[in-house]
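**Student:** mind folding the following:
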Amino acid sequence: MKICIPVEGDQGLDSVVCAHFGSAPVFLIVDTESSACRAVENRNQHHGHGMCMPLASLQGEELDAIAVGGIGMGALNKLRATGIRVYLAEQDTVGEVVKALSAGTLKEVDPGQACAHHRHGQC
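**Tutor:** Numbers count the residues shown, from 1 in each chain. Below is the predicted model:
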């Protein structure tokens, strides 16, 4: 499975999960079978409220899921419309998120949690 996790910087599995999907400086794409990580710069990091274009930076990436600390309703709807599952990442690091996903303990983001569940505010 390929999962994308917004992070504050690329430190592989030790990368710190960013509190908000659209404002993350980097997206880390992890192959959960091999633990291989690849960083993708968020070219749309600075945007107005509600103007997040997450798929612009991730265009062409084959993703099964995204795990986020927080996400707006617009971005959530866009991702779900493409068939990408969106999980709530309450863990601090990418490695912890991957372990939780493997253990089946990550929960999908409920639309009621959009914009309301930022772990630490904006990153």
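
**Student:** which regions of the protein lie under the pLDDT threshold?
**Tutor:** Along the chain, segments meeting pLDDT under 70 span 44-55, 115-123.

**Student:** now the helices: where do they sit in it?
**Tutor:** Taking DSSP state H, the helices of the chain run over residues 54-58, 73-81, 94-103.

**Student:** quick one: closest of those helices to residue 112.
**Tutor:** helix 73-81 (9.7 Å; CB to CB). The way it works is simple: take the backbone N, C-alpha and C, and place the C-beta from them, glycine included.

**Student:** for stretch 104-118, give me every contacting residue.
**Tutor:** Stretch 104-118 is contacted from outside by 19-20, 67-73, 76, 85-89, 97, 100, using CB atoms under 8 Å, 6 or more residues apart in numbering.

**Student:** follow-up on the earlier one: so which of the helices of the chain is nearest residue 37?
**Tutor:** helix 94-103 (7.2 Å).

**Student:** give the other helices and strands that the closest one contacts.
**Tutor:** Packing contacts for helix 94-103, counted by 3 or more CB pairs under 8 Å, 6 or more residues apart in numbering; DSSP states H and E, involve strand 2-7, strand 26-31, strand 65-68.

**Student:** mind putting those strands into CSV with mean neighbour count and distance to residue 104?
**Tutor:** Compiled in CSV, the helices and strands packed on helix 94-103 are given as follows (neighbours: other CB atoms under 10 Å; distance: least, CB to CB, whole Å):
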stretch, mean neighbour count, distance to residue 104
strand 2-7, 25, 14
strand 26-31, 20, 17
strand 65-68, 26, 13
